[in-house]
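Undergrad: how would this look folded up:
(3 chains)
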Amino acid sequence: MNTPLSKDFYQTSSLELAKKLLGCKLIKETVEGIASGIIVETEAYMGPMDRAAHSYNNRRTKRTEIMFHEAGHIYTYVMHTHCLVNIVCNEVDKPEAVLIRAVEPVQGIELMMKRRNQTILANITNGPGKLTKALGISMEDYGHVCWLPPLYIAEGIKPTNIAIGPRIGIENSGEAKDYPWRFWIEDNPYVSRRNKRAKS
DNA sequence: TACGTGATGCCC
DNA sequence: GGCATCACGTAG
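TA: Predicted structure coming up:
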């Protein structure tokens, strides 16, 4: 339990990794304790040809630099007041990444509720900004690798059915906004809110 | 449903 | 400087 996946797990395209990550366990260790969750929703960002990706047209800045590095690095960035977490994948100089949009709480539930100031289990990790706060993921995790503590990914469960749909929050990305590059575990109660609304 | 929040990059 | 961006919480 909680044995990190090996680095070659990440050496694939973001579309493949987004599907493979569903059911895996995301774990963060801090002085406050261990918090973890099963990944239930992801989005693929395909790099230079994907208008919605930060690395579109090979845009390489201090922020996106890590996307050009070896697969399995952690790419965190700040959106308004929230931190979002991505996993870099594919080969060096192929700047692809998978955004983790929601997890199902497993370990450290009390700790996560406290960090989120929230008592409803279904609301503590059901969004990309929420899960980073619950797990204690921040810009300090930028550039680390996800096969070593304190932030790493381990084997979890095998998802039954995977649902597919368009990504969220990229309305100004031209034709890229319609690409079905979001994946989630069907009927899981911990997927993000906008996702459930879209289904109803 | 609408607004405030406020890091980062890019185009003036 | 001004604006857009891979959200979220709160108020009404």
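Undergrad: Spatially, what comes nearest to the residue of chain A found nearest DNA strand B if we skip its sequence neighbours?
TA: At 3.1 Å from DNA strand B, residue A:63 is the closest residue in chain A, using C-beta to the nearest atom of the strand. (Each C-beta comes from the backbone N, C-alpha and C, glycine too.) Sequence neighbours aside, residue A:77 is the residue nearest to residue A:63 in space, at 5.9 Å (criterion: C-beta to C-beta, 6 or more residues apart in numbering).
Undergrad: Am I right that the one you found sits in a strand?
TA: Yes: assignment of residue A:77 by DSSP: H, G, I helix; E, B strand; the rest coil places it within a strand.
Undergrad: Name all residues that make contact with residue A:78.
TA: By C-beta atoms under 8 Å, 6 or more residues apart in numbering, the residues touching residue A:78 are A:84, A:139.
Undergrad: can you pull the pLDDT of it?
TA: If you check residue A:78, the pLDDT there is 93.
Undergrad: Also residue A:183?
TA: For residue A:183, the predicted pLDDT is 96.
Undergrad: Show me the strands in chain A, by range?
TA: Taking DSSP state E, the strands of chain A run over residues A:25-30, A:33-45, A:74-79, A:82-89, A:96-107, A:151-154, A:162-165, A:182-185.
Undergrad: export those to TSV and tack on distance to residue A:58?
TA: Below are the strands of chain A laid out as TSV (distance: least, C-beta to C-beta, whole Å):
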stretch	distance to residue A:58
strand A:25-30	28
strand A:33-45	13
strand A:74-79	15
strand A:82-89	15
strand A:96-107	12
strand A:151-154	27
strand A:162-165	27
strand A:182-185	23
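Undergrad: Would you format those strands as TSV with distance to DNA strand B included?
TA: Converted to TSV, the strands of chain A look like this (distance: least, C-beta to the nearest atom of the strand, whole Å):
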stretch	distance to DNA strand B
strand A:25-30	20
strand A:33-45	15
strand A:74-79	4
strand A:82-89	8
strand A:96-107	15
strand A:151-154	18
strand A:162-165	19
strand A:182-185	21
